[in-house]
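In: Got a predicted model here, sequence first, then my questions.
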Amino acid sequence: MSLLAFLGLVRGLDLASLPAPANAQQGAAVAQQHALHALVADVSGGKATITGERLFTVDKSVPWAAIAKRIDNIARERGATAAALPGADPGKKLAQAWRAKDGSGVMVAMVPSASGGTVGYFAVKLVD
């Protein structure tokens, strides 16, 4: 945990405090929203309950790795740790999760498309 997180000078791991991906447009079509929810269920093995979400569309100039790394840096700075996902398949299933000390978590997922993709930031409750 960083000194700033220890001293309580940084915000917790909540969706509102996470920055949108670069050049992202807020929102997503219903089909993409359903695809993201299915991806969360798949990679979590049904052990993540979505309690909130923020959805974005991004163009192809914004790679998944940049989105995931940015959120990873923020999550770790705020004292969260990477959560193991039973259905994870890096490079094929674009999703990562982090768990805060209170058991709450954040999952970031992306469903790619020819023009870029749809990204979801999800507040989740992770069950072991």
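Out: That came through, no problem. In this text, all values refer to a predicted model and were calculated from it rather than measured experimentally.

In: could you pull out the strands for this protein?
Out: 25-26, 48-59, 81-83, 95-99, 104-113, 116-126 (DSSP state E).

In: Name every strand pairing with the first one and say which way it goes.
Out: In its sheet, strand 25-26 lies beside strand 48-59 (antiparallel), with partners assigned from DSSP bridges.

In: contacts for the strand it pairs with?
Out: 15, 18, 20-28, 32-33, 36-37, 40-41, 67, 97, 104-105, 107, 110, 115-127 (Cβ atoms under 8 Å, 6 or more residues apart in numbering). For every residue, glycine as well, the C-beta is placed using N, CA and C.

In: and stretch 74-94, how far apart are its ends?
Out: This stretch, stretch 74-94, spans 18 Å end to end (Cα to Cα, to the nearest Å).

In: Mind checking the pLDDT average for that stretch?
Out: Model confidence over stretch 74-94, given as mean pLDDT, is 91.

In: Now do it: distance to the chain's middle.
Out: 8 Å (Cα atoms, centre = their mean, to the nearest Å).

In: Show me which positions of that stretch end up buried.
Out: By neighbour count, with 16 or more other Cβ atoms under 10 Å as the criterion, the buried positions of stretch 74-94 are 74-75, 78-80, 83, 85, 88, 93-94.

In: quick revisit: find the one among the strands of the chain with the highest mean neighbour count.
Out: Of all the strands of the chain, strand 95-99 carries the top mean neighbour count, a mean of 24, counting by mean count of other Cβ atoms under 10 Å.

In: That one pairs with which strands?
Out: Strand 95-99 has the following strand partners under DSSP bridges: strand 81-83 (antiparallel), strand 104-113 (antiparallel).

In: Extract the C-alpha trace of it and format it as PDB.
Out: Coordinates of each C-alpha in strand 95-99 appear next as PDB, following Å, rounded to 0.1, in the frame of the first residue of the first chain:
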ATOM      1  CA  ALA A  95     -10.900  -8.700 -18.300                       C
ATOM      2  CA  GLN A  96      -9.000  -8.000 -15.100                       C
ATOM      3  CA  ALA A  97     -10.200  -7.500 -11.500                       C
ATOM      4  CA  TRP A  98      -8.800  -6.000  -8.300                       C
ATOM      5  CA  ARG A  99     -10.000  -6.600  -4.700                       C
END
